[in-house]
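Enquirer: task: produce atomic coordinates for the following.
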Amino acid sequence: MLLVIDVGNTNIVLGVYDEEQLVGHWRISTNRVRTTDEYGVLMMNLFFHDRKVSSDDITDIIISSVVPPLMPTLERVCLRYFNVCPIIVGPGTKTGMAIKYDNPKEVGADRIVNAVAAYEKYKGKSPIIVIDFGTATTYCAISTSGDYLGGAIAPGVMVSAEALFQRAAKLPRIELKNPGRIICKNTVTSMQSGILFGYVGQVEGIVARMKRELQDENALVVATGGLATLISGETNVINHVEPMLTLQGLRILHQRNK
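Expert: Residues are numbered from 1 along each chain as shown. Next comes the predicted model:
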């Protein structure tokens, strides 16, 4: 079985594939000070609790990360607890995709992984725009022929909300959900309205501009990340929501590099 690991600034998402079938997936917090053994025991406990997979079943591992300081720790986890030398997504990884960036080494591994997965699933007669609602919100453009063209990076929804809580003394932390209206009559729902619909406006604006630059109003928009479902429910510019897009991309890259 294949263990795929996506290391983000806020969360680490793990998945296990049996061939092309995702048999289990888990989300844990990213903690740069956890030791090799702490991460190893945590993963073993997740596998044991789920009972769908054993550490002995893992024959291959692939990792993408935007947190470089964690990589030595996770590589030691792979060797010590799974006896597997992992594939690390980075420069030199065979992606099957031309990276049209000024410096391809600057592109986050997660962005490339998402682009590969989206193109593999939705390639056709139009470009693709991939939106990843993570700690940062990233917008990536892929040409009809499968070239990674670049994109935009914005503060994530929760990063923006946290800044508001910290800098405005009278504003409380809130649950981010749809308040049901844009004109609200109390502080909590007013904040929910401003954060949610403000972000929807950002998505619609950036997507519209990207479509103009791509010279294709029919560009397909694919969203992933924790808040993709919430945001997509309030706009018609997102065509597909793929919660496991990054894990799918890691599986595809593993096939291309094993």
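
Enquirer: which SS class is the residue with the largest distance to the centre of the chain?
Expert: Largest separation from the mean C-alpha position in the chain: K185, at 34.5 Å (C-alpha atoms, centre = their mean). Put simply, K185 is coil when judged by DSSP: H, G, I helix; E, B strand; the rest coil.

Enquirer: could you do R27 as well?
Expert: Going by three-state DSSP: R27 is strand.

Enquirer: that one touches T10, doesn't it?
Expert: No. The pair R27 / T10 is not scored as a contact, 9.7 Å apart, by C-beta atoms under 8 Å. Every residue, glycine included, has its C-beta placed from N, CA and C.

Enquirer: quick one, what contacts L176?
Expert: V157, M158, A161, Q192, I195, L196, L227, L230 (C-beta atoms under 8 Å, 6 or more residues apart in numbering).

Enquirer: which one of the residues you listed is nearest to G249?
Expert: Using C-beta to C-beta, L227 comes nearest to G249 of the contacts of L176, at 19.1 Å.

Enquirer: what's the helix or strand for R111?
Expert: Using DSSP states H and E, R111 sits in helix 109-122.

Enquirer: export that helix as PDB, just CAs?
Expert: Taking Å, rounded to 0.1, in the frame of the first residue of the first chain, the C-alpha atoms of helix 109-122 are listed here in PDB:
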ATOM      1  CA  ALA A 109       4.900  21.400  -3.800                       C
ATOM      2  CA  ASP A 110       1.300  21.400  -2.900                       C
ATOM      3  CA  ARG A 111       0.400  23.700  -5.800                       C
ATOM      4  CA  ILE A 112       2.100  21.400  -8.300                       C
ATOM      5  CA  VAL A 113       0.500  18.300  -6.800                       C
ATOM      6  CA  ASN A 114      -2.900  19.900  -7.000                       C
ATOM      7  CA  ALA A 115      -2.300  20.900 -10.600                       C
ATOM      8  CA  VAL A 116      -1.200  17.400 -11.600                       C
ATOM      9  CA  ALA A 117      -4.300  15.900 -10.000                       C
ATOM     10  CA  ALA A 118      -6.700  18.400 -11.500                       C
ATOM     11  CA  TYR A 119      -5.300  18.100 -15.000                       C
ATOM     12  CA  GLU A 120      -5.200  14.300 -14.900                       C
ATOM     13  CA  LYS A 121      -8.900  14.300 -14.000                       C
ATOM     14  CA  TYR A 122     -10.300  17.200 -15.900                       C
END
